[in-house]
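Enquirer: This is a predicted model, with the sequence first.
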Amino acid sequence: MSEDFVLELEHIRKEYPGVVALKDVTLQLRRGEILGLIGENGAGKSTLIKCCSGAVIPTSGKIKINGKEFDRMTPQLAAENGIAIIYQEFNNVKELSAAENMFLGRPIRKGITIDRKAMEEEAAKAFEQLHIKINPKELVKNLTVGYQQMIEIAKAIQQNAQVLIMDEPSAPLTNNEVESMFQVVELLRKKGVSIIYISHRLEEIFRLSDRIEVIRDGEYVDTLITPEATVDQLIRMMVGREMTQKFPPRPCCVDESKVVLELRDVCGNGDKNMSFKIHAGEVLGLGGLVGAGRTELAQVIFGAKPKESGQILLNGKEINPKSPREAIDLGIAMLPEDRKRHGALLGVSIKNNINMPIYKRISKASVIDLGTEKNNAEKFREEIQIKCPTINQLVKNLSGGNQQKVILGKWLAADSQLIIFDEPTRGIDVGAKYEIYKLINDLVAQGRAVLMISSEMEELIGMSDRIIVLAERQMIGELQKEEFNPDTIMTMASAIVDQAQKEVS
Ligand SMILES: Nc1ncnc2c1ncn2[C@@H]1O[C@H](COP(=O)(O)OP(=O)(O)OP(=O)(O)O)[C@@H](O)[C@H]1O
Ligand SMILES: [Mg+2]
């Protein structure tokens with residue numbers, strides 16, 4: 001063997017009923033490197049890395065760890081051989097402490113009792129090694145997602161993992177949390193841990209990785225050396241075609257004579273004095289830092305949180321939705337940020353999920369029009385490219401990104417006047433991002449109004465007709481298209497925060 005590989009996957013194939021998730025994929029991880037693994041939603045990334053941990057048993061193919069071949073990987077074997085994975089949806093127990101989560105399933109014992117003190121000491125040691133400040137006694141439910149992820153990483157360190165596999169670790173994190181996570185990843189690299197890093201954000205892949213492997217439709221495409229690769233080349237390899245534009249062109253279709261949504265001095269859910277209008281055919285972008293109060297505002301408009309004062313008008317009429325159900329009936333839809341918790345019903349089919357908000361409309365005397373139900377689901381499956389064998393597939397069997405597309409389809413089907421998108425393309429691959437932007441364009445071309453919350457500056461600027469910036473639960477200002485500029489937006493977003501800091505110092 002000429003090269004020093006810690007982990008090798010050879011000719012991996014994985015079939016599910018009706019789907020070949022992996023056709024013939026090879027992956028080689030060099031000792032001490034960070035390998036970026038990229039591919040579109042449903043390409044097979046998560047399935048591939050689950051084969052390494054024994055969470056998925058490949059139909060055929062070989063797995064080698066340190067040159068030793070395993071016929072059958074099991075979670076226990078993987079752990080014993082130094083493989084640790086942080087899954088896309090990590091599984092922790094919210095009611096237990098940080099330390100208890102770290103030793104979940106393998107507690108330290110003293111005789112027949114569990115030695116809580118020893119576990120807390122070990123956890124503290126692992127946190128210290130990673131320079132992270134978590135109290136081992138703290139309940140996981142009181143920690144941010146960023147810290148919850150750190151516990152998972154610390155667990156890998158405590159188990160002396162040689163290989164750490166991270167499946168879209170940045171997706172649930174805020175920008176600051178991502179920065180801390182990068183620092184921990186760099187630290188691990190220095191310690192000699194080999195890492196597989198999956199992400200849809202190419203800038204992260206460029207920043208962290210030594211080499212990049214691309215897979216498409218369950219097939220191996222190529223592995224490139226990071227400094228030699230370019231963004232365009234990687235996109236072409238992932239998507240299988242040239243993509244020249246990031247944002248589809250949209251002729252201005254704002255109809256200033258028709259105000260779809262108007263907020264007059266709305267306070268609620270922690271937000272203060274929100275006043276603005278959204279016109280028919282307009283995409284109003286809502287910018288700001290995490291914690292600025294953007295999602296909170298959306299929740300008030302959508303009836304998920306109570307309004308304390310002020311007025312909300314839809315098409316000139318005052319509304320007071322007391323629940324999302326009422327808001328939906330009034331013609332408001334919302335694609336929430338936390339799609340796992342508020343989004344799809346995982347145990348039911350794509351078809352049922354997409355039609356969920358409109359069953360009332362497509363039924364007569366409680367009998368569902370099955371033809372419309374099917375056509376509707378097929379239409380969205382095609383439009384937003386939901387990768388699935390049939391629309392009867394259960395949502396839980398879809399890849400992470402495709403689950404998000406189902407939720408998107410569900411809200412689009414609802415045929416609403418106002419659609420609120422909260423981080424519409426988080427965790428979605430480049431090709432599908434473009435499709436979602438096209439859909440937003442279609443919605444406004446039909447005269448609907450869109451409120452789009454986005455933390456991606458490029459997306460905010462690329463898609464909005466107008467931008468309102470919030471900071472610390474207040475409106476800071478409004479920008480017209482010709483005033484769009486990342487620096488201006490960032491300055492506005494941090495305005496009050498700076499002032500507060502000045503006052504402290
Ligand atoms: N348990 C399952 N049953 C049936 N099909 C499955 C199952 N798990 C995964 N698949 C299918 O295998 C394919 C690959 O899915 P996978 O989750 O590996 O994609 P991915 O590259 O991780 O995508 P994403 O970027 O969206 O997370 C998808 O078409 C998915 O629907
Ligand atoms: Mg995945």
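Expert: Everything's here; your move. Ligands and ions are numbered 1, 2, ... in the order given.

Enquirer: Ignoring the adjacent residues along the chain, who's closest to the residue of the stretch 301-450 of the chain found nearest ligand 2?
Expert: Ranked by Cβ to the ion, the top residue of the stretch 301-450 of the chain for proximity to ligand 2 is Gly400, at 4.4 Å. In this view, the C-beta of every residue, glycine as well, is placed from N, C-alpha and C. Nearest residue to Gly400, sequence neighbours excluded (Cβ to Cβ, 6 or more residues apart in numbering): Gln88, at 5.0 Å.

Enquirer: Strands of the stretch 101-250 of the chain, start to end?
Expert: Secondary structure of the stretch 101-250 of the chain (DSSP state E, counting those that start in this stretch): strands at 109-110, 113-114, 163-167, 194-198, 211-216, 219-225.

Enquirer: can you list the domains in this protein?
Expert: Domain ranges of the chain: 5-239, 245-331+416-505, 343-415, per automatic domain parsing.

Enquirer: about what we covered before: surely the residue of the stretch 301-450 of the chain closest to ligand 2 touches Glu168?
Expert: Yes: the criterion here is Cβ atoms under 8 Å, and Gly400 meets it with Glu168 at 6.9 Å.

Enquirer: Mind listing the shared neighbours of the two?
Expert: Residues touching both Gly400 and Glu168 by Cβ atoms under 8 Å, 6 or more residues apart in numbering: 88, 427.

Enquirer: what about stretch 445-455, distance to the chain center?
Expert: 20 Å (Cα atoms, centre = their mean, to the nearest Å).

Enquirer: For the stretch 251-400 of the chain, which residues are neighbours of ligand 1?
Expert: 387-388, 397-400 (Cβ under 6 Å from any ligand atom).

Enquirer: oh sorry, the question was meant for the chain
Expert: Applying Cβ under 6 Å from any ligand atom, one finds that the chain approaches ligand 1 through 16, 19, 21, 39, 41-47, 88, 387-388, 397-402.

Enquirer: Which among the residues you listed count as buried?
Expert: Among these, the ones that count as buried by 16 or more other Cβ atoms under 10 Å are 19, 21, 39, 41-47, 88, 387-388, 397-402.

Enquirer: Mean neighbour count added to the strands of the stretch 101-250 of the chain, as TSV?
Expert: Formatted as TSV, the strands of the stretch 101-250 of the chain follow (neighbours: other Cβ atoms under 10 Å):
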stretch	mean neighbour count
strand 109-110	10
strand 113-114	11
strand 163-167	25
strand 194-198	23
strand 211-216	22
strand 219-225	16
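
Enquirer: So which of those is nearest Ile134?
Expert: Nearest to Ile134 among the strands of the stretch 101-250 of the chain is strand 163-167; the distance by Cβ to Cβ comes to 18.2 Å.

Enquirer: pLDDT on the closest one, on average?
Expert: Mean pLDDT, computed over strand 163-167, is 95.

Enquirer: low pLDDT regions in the stretch 101-250 of the chain?
Expert: 243 (pLDDT under 70).

Enquirer: Now do the contacts for whichever residue of it sits closest to ligand 2.
Expert: Here the stretch 101-250 of the chain gets closest to ligand 2 at one residue, Asp167, 5.9 Å apart by Cβ to the ion. If a contact means Cβ under 8 Å, 6+ apart, then Asp167 has 45-46, 49, 85-88, 198 as its contacts.

Enquirer: For this structure, which residue gets nearest to ligand 2?
Expert: As assessed by Cβ to the ion, ligand 2 sits closest to Ser46 within the chain, at 3.2 Å.

Enquirer: On the pLDDT front, check that residue for me.
Expert: pLDDT for Ser46: 93.

Enquirer: Next secondary structure element downstream of the helix or strand harbouring it?
Expert: Ser46 belongs to helix 45-53 when assigned by DSSP states H and E. Later in the chain than helix 45-53, the nearest helix or strand by DSSP H and E is strand 60-65.

Enquirer: strand partners of that following strand, parallel vs antiparallel please.
Expert: Taking DSSP bridges as the criterion, strand 60-65 pairs within the sheet with strand 5-16 (antiparallel), strand 68-70 (antiparallel).

Enquirer: Now render these as TSV, adding mean pLDDT.
Expert: TSV is the format used below for the strands paired with strand 60-65 (pLDDT from 0 to 100):
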stretch	mean pLDDT
strand 5-16	95
strand 68-70	93
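
Enquirer: Would you mind measuring from Asp167 to Glu456?
Expert: The spacing between Asp167 and Glu456, counted by Cβ to Cβ, to the nearest Å, is 20 Å.

Enquirer: Quick check: end-to-end length of stretch 414-434?
Expert: One end of stretch 414-434 to the other measures 21 Å (Cα to Cα, to the nearest Å).

Enquirer: near ligand 2 at all, that stretch?
Expert: No: judged by Cβ under 5 Å from the ion, stretch 414-434 stays clear of ligand 2, getting no closer than 8.6 Å.

Enquirer: Now do that stretch, average pLDDT.
Expert: 84.

Enquirer: Ok, stretch 360-376 next?
Expert: 89.

Enquirer: residues making contact with that stretch?
Expert: Outside stretch 360-376, the residues that touch it by Cβ under 8 Å, 6+ apart are 351, 354-355, 358-359, 391, 413, 415.

Enquirer: For Ala21, see how far away Leu408 is.
Expert: 22 Å.

Enquirer: quick one: contacts for Gly462?
Expert: 246-247, 437.

Enquirer: Nearest residue to the middle of this protein?
Expert: Gly427 (3.7 Å; Cα atoms, centre = their mean).

Enquirer: Excluding covalently adjacent residues, which one is nearest to that residue?
Expert: Nearest residue to Gly427, sequence neighbours excluded (Cβ to Cβ, 6+ apart): Ala171, at 4.7 Å.

Enquirer: Assess the claim that that neighbour and Arg426 are in contact.
Expert: Yes: counting by Cβ under 8 Å, Ala171 touches Arg426, with 6.3 Å between them.

Enquirer: Contact partners for Leu224?
Expert: So Leu224 contacts 211-212, 214, 233-234 (Cβ under 8 Å, 6+ apart).

Enquirer: same for ligand 2: which of those are within range?
Expert: Answer for the contacts of Leu224 near ligand 2: none qualify (Cβ under 5 Å from the ion).

Enquirer: need these in JSON lines with distance to Lys322, can you?
Expert: Formatted as JSON lines, these follow (distance: Cβ to Cβ, whole Å):
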{"residue": "Arg211", "distance to Lys322": "54"}
{"residue": "Ile212", "distance to Lys322": "50"}
{"residue": "Val214", "distance to Lys322": "49"}
{"residue": "Gln233", "distance to Lys322": "52"}
{"residue": "Leu234", "distance to Lys322": "47"}
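
Enquirer: Mind picking the two most distant members of these?
Expert: Within the contacts of Leu224, Arg211 and Gln233 form the most distant pair, 13.9 Å apart (Cβ to Cβ).

Enquirer: quick one: which of the buried ones among the residues of the chain next to ligand 1 sit in strands?
Expert: Among these, the ones falling in strands (DSSP state E) are 19, 21.

Enquirer: as a whole number, average confidence for stretch 314-328?
Expert: On average, stretch 314-328 scores 94.

Enquirer: Spell out which parts of this protein neighbour ligand 2.
Expert: For the chain, the residues in contact with ligand 2 (Cβ under 5 Å from the ion) are 46, 399-400.

Enquirer: ok, now with 6 Å
Expert: 45-46, 88, 167, 399-400 (Cβ under 6 Å from the ion).

Enquirer: With distance to Asn81 added, can I get these in TSV?
Expert: Formatted as TSV, the residues of the chain next to ligand 2 follow (distance: Cβ to Cβ, whole Å):
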residue	distance to Asn81
Lys45	21
Ser46	20
Gln88	22
Asp167	19
Ser399	27
Gly400	26
